[in-house]
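**Student:** Provide a 3D model corresponding to the input given below.
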Amino acid sequence: MENKNDYLQNLRHSCAHLLAKAVKDLWPGTHNAIGPAIENGFYQDFDFGKVKISEEDLAKIEGNVLLTFAGDNETPVVLLGEQEARPPYPNEVIYKDNQGTICRRWNWKEVDRTKLTEQTVNAFIVIEGLPPIDREKIQKAVTELVELIKKYCGGEIQTAILDKSNPQVKLL
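**Tutor:** This is a model prediction of the structure:
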């Protein structure tokens, strides 16, 4: 008979596979790498092609979030699923707050510090669309995500699309 920890690890691993299948069914062409089971569940990396999605725990953000290029001396960060802290590469596109990097390679490599947990009350989710993805496809992705969040999580949801004419938004 399995012990409780083995059972939880197997359950989390199976849930990761189920999530991957659901996402691939909703967004054909999506590529994923199933991450290992972690203390509070599991994580997944999804590559949606030109549309990128990430999420952050708002309570763990210090100051403003900036989309910028990494400098030569960025503070090393622990990425989800990794044990060792590493700095972003100079000129790598990152999101950062006053404490440091929160996401690397646009929003593809998230840091452990701002991950969502069972204790997360306020989160912000970034959906990026790079050419040739147009505004209509971004809006469709936002609408679908809002519907899923309402259905499975509830709560209040605010959305905004940032672009050259609307370069910032107040999160809370």
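**Student:** how close does Pro76 get to Thr101?
**Tutor:** For Pro76, the distance to Thr101 equals 9 Å [Cβ to Cβ, to the nearest Å]. Using the backbone N, CA and C atoms, a C-beta is placed for each residue, glycine as well.
**Student:** I'd like the mean pLDDT over stretch 148-159, please.
**Tutor:** Per-residue pLDDT values across stretch 148-159 average out to 84.
**Student:** can you tell me what sits against it?
**Tutor:** Val142, Val146 (Cβ atoms under 8 Å, 6 or more residues apart in numbering).
**Student:** neighbours of the nearest residue to Arg135 once chain neighbours are set aside, how many?
**Tutor:** Distances taken as Cβ to Cβ, 6 or more residues apart in numbering put Ile161 closest to Arg135, at 7.0 Å, once the chain neighbours are dropped. If you count neighbours by other Cβ atoms under 10 Å, Ile161 ends up with 13.
**Student:** backbone phi and psi for Ile161, please?
**Tutor:** phi -110, psi 120 (degrees, to the nearest 10).
**Student:** tell me what the one helix or strand Glu128 maps to is packed against?
**Tutor:** Following DSSP states H and E, the helix or strand that holds Glu128 is strand 123-129. Contact here means 3 or more Cβ pairs under 8 Å, 6 or more residues apart in numbering; DSSP states H and E; on that basis strand 123-129 packs against strand 51-57, helix 135-152.
**Student:** pairing partners for it, with directions?
**Tutor:** Sheet pairing of strand 123-129 (DSSP bridges) gives strand 51-57 (antiparallel).
**Student:** if anything else comes up later, I'll come back, but that's it for now.
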